[in-house]
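**Q** the following comprises the amino acid sequence and a computationally predicted model.
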Amino acid sequence: MNLNIKQVKDQLIKELNQLKTPQGFLLAGFPHFNKLFGRDSLIVSWQLLNYDVEIVKNTLEILSKFQGVAVSEMSEEEPGKILHEHIIGFDKHSKGNWPFPYYGSIDSTLLYLILFYFYFNKTKDADFIKQFWANIEKAVDWILNYGDRDNDLFIEYKNKNPNGLYNQGWKDSNFIKSKLPIAIVEVQGYEYFALVKISELIKVLNINKEFLDVLKERADKLQEKFNQNFWMDDKKYFALGLDGDKKQIKYITSNPGHLLFTEIVDNDKIDYIVKKLFSEELWTEYGIRTHSIYEENFNPLSYHLGSIWPHDNWIIAQGLKKLNYLEEYNRIKSALLNAFKTIGYLPEYYGVINNEIKLENLEKTPDYPQAWSSGALLNFILEDEK
């Protein structure tokens, strides 16, 4: 069966419209994630920046409205922090593992800052940025005062709520149980990119220039320390993270692929990352796996230990394109189109065994439609139409 790209595009837009709220932001997915998620909403907004900029504005606006103002162990709220999830209209003291809004996400605040930069870079809408500049400053303050809990330049997570999420990066299942707090690899790249790009906004908009030296100095030190502490010289790849003893968590995963768009990686290490991502350890004809086939805990049907996530592949592809690895960028695009052709849609995630997609016996039933899966493929298609 040959794909009719117009039909694929129309289907993806229909899926995204199903997830669009009256407030103009996107819910993460049906049926399990029928909520506002900070990380998911920000990433799909990034994917749709060239399709509907109003979704970006609406997402930044709603997340700014619920930006953290206090310290709470149960909700894991902190001043300046961007939420993990919320059900609009729910009582803040709702019963369950945590109250809503819940803030157990280590990357939402960084992605929030990054999306403001992407929005301005696309639109040059200085008025919108200035409208939310106080929120941007609070998010930067969160990095300095809460995200980096031990002043080592790295952003770490450790759940304050005993029933809260143990892992608080995008892989937020219990896929690893390393000693907390954990500094997960991709988040350090997000931090670096956020510091650099907010510095650029300060220069362009001529706002709060006294912050420039602080942000530049931190970014420079972070880049140097990150490349020293996270690089596994024997494996020629970045570790998944640092554990609570500052020891490397040495799994080979897709996570370091997110670093490629962030500009944090030393030039002599970039090619090693790309080669590993497309090696037999991680690559399939339907995309990059989350976890190496050679790890003892690899499971192709797991949620985060060997399955394939379209949005994960899309973020990696953005870095490949930026760094001019165009052949590899197109391999990922073709892989996701391949998956769509095989399944008939792109779910939250899927397994691959012996070069065949598996949707049965997965660890969790994948959501469909899932915003950042549909958004990933739509972005690839729209880029081809330019």
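**A** Noted; the coordinates are in hand. These numbers come from a predicted model, not from an experiment.
**Q** all strands for the stretch 101-250 of the chain, in order.
**A** 183-184, 231-232, 237-238, 241-242, 248-249 (DSSP state E, counting those that start in this stretch).
**Q** got those strands as a markdown table, with mean pLDDT columns?
**A** Output for the strands of the stretch 101-250 of the chain, formatted as a markdown table (pLDDT from 0 to 100):
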| stretch | mean pLDDT |
| --- | --- |
| strand 183-184 | 98 |
| strand 231-232 | 98 |
| strand 237-238 | 99 |
| strand 241-242 | 98 |
| strand 248-249 | 98 |
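**Q** indicate which one of those is closest to Arg218.
**A** In terms of CB to CB, the element of the strands of the stretch 101-250 of the chain nearest to Arg218 is strand 183-184, at 15.0 Å. In this view, the C-beta of every residue, glycine as well, is placed from N, C-alpha and C.
**Q** re earlier: including mean neighbour count and distance to Ile129, could the strands of the stretch 101-250 of the chain go into JSON lines?
**A** Shown next, in JSON lines, are these (neighbours: other CB atoms under 10 Å; distance: least, CB to CB, whole Å):
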{"stretch": "strand 183-184", "mean neighbour count": "28", "distance to Ile129": "28"}
{"stretch": "strand 231-232", "mean neighbour count": "16", "distance to Ile129": "35"}
{"stretch": "strand 237-238", "mean neighbour count": "27", "distance to Ile129": "32"}
{"stretch": "strand 241-242", "mean neighbour count": "26", "distance to Ile129": "32"}
{"stretch": "strand 248-249", "mean neighbour count": "18", "distance to Ile129": "36"}
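**Q** export those strands as CSV, with columns for distance to Lys158.
**A** CSV is the format used below for the strands of the stretch 101-250 of the chain (distance: least, CB to CB, whole Å):
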stretch, distance to Lys158
strand 183-184, 10
strand 231-232, 23
strand 237-238, 21
strand 241-242, 12
strand 248-249, 14
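**Q** quick one, which of those is nearest to His86?
**A** Of the strands of the stretch 101-250 of the chain, nearest to His86 by CB to CB is strand 183-184, at 22.4 Å.
**Q** Ser374 is in contact with Leu346, correct?
**A** Yes. If you go by CB atoms under 8 Å, Leu346 and Ser374 touch, sitting 6.3 Å apart.
**Q** can you show me the helices along the stretch 1-150 of the chain?
**A** With DSSP state H, counting those that start in this stretch as the criterion, the stretch 1-150 of the chain has helices at 5-19, 38-47, 53-65, 108-123, 126-131, 133-142.
**Q** show me how the chain divides into domains.
**A** 1-52+280-386, 67-277 (automatic domain parsing).
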